[in-house]
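Novice: sequence plus predicted model, see below.
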Amino acid sequence: MDESDEAYHRIDAGGCWVPPNRAAWGPGETLRRLREMCGVSQSELAWRSGVDQADISRVEGGAGAGWRTLARLAEALECDVVFHLRPRRPLDVLVAAGRGSRRRGRSG
């Protein structure tokens, strides 16, 4: 790993690793960094998770992965898969813009 500063190894109050600027990382980059921090090779992760090593390589390289695959890989690294939505604009702007609008694609 080329990141040796303390921010790369920051741990939150719950004992969980907090990657710096994690919004810039996709699932594959996060997986690779966690795997390397744990000292686990792709081959070992494949054995632990039941996911083919070539698939792990593709995911780490930025290819998409399904939830089940991510869950199996996370479980093998003793991690959780967390998904969240984050507004791009302030919440009050979104609420004001959404007043009176209808859901698209549905007829009432």
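Specialist: Structure's in. What do you need?
Novice: residue ranges with poor pLDDT in the chain?
Specialist: Scanning the chain with the threshold set as pLDDT under 70 gives 1-24, 84-86, 99-108.
Novice: could you redo the last one with a cut-off of 90?
Specialist: Within the chain, the stretches with pLDDT under 90 are 1-30, 33-34, 37-38, 62, 64-65, 79-108.
Novice: show me where this protein has helices.
Specialist: 27-37, 42-49, 53-60, 67-76, 91-98 (DSSP state H).
Novice: just send these back as JSON lines, with mean neighbour count too.
Specialist: Quick note: C-beta positions are derived from backbone N, CA and C, even for glycine. Formatted as JSON lines, these follow (neighbours: other C-beta atoms under 10 Å):
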{"stretch": "helix 27-37", "mean neighbour count": "18"}
{"stretch": "helix 42-49", "mean neighbour count": "16"}
{"stretch": "helix 53-60", "mean neighbour count": "17"}
{"stretch": "helix 67-76", "mean neighbour count": "17"}
{"stretch": "helix 91-98", "mean neighbour count": "9"}
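Novice: now those in TSV, with distance to residue 83?
Specialist: Below are the helices of the chain laid out as TSV (distance: least, C-beta to C-beta, whole Å):
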stretch	distance to residue 83
helix 27-37	10
helix 42-49	19
helix 53-60	16
helix 67-76	9
helix 91-98	19
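Novice: relative to residue 76, how far out is residue 95?
Specialist: Distance, residue 95 to residue 76, by C-beta to C-beta, to the nearest Å: 41 Å.
Novice: let me fix that, I meant to ask about residue 92.
Specialist: Taken as C-beta to C-beta, the span from residue 92 to residue 76 is 42 Å.
Novice: what's stretch 39-47 in contact with?
Specialist: Outside stretch 39-47, the residues that touch it by C-beta atoms under 8 Å, 6 or more residues apart in numbering are 35, 48, 51-53, 56-57, 60, 73, 76-77.
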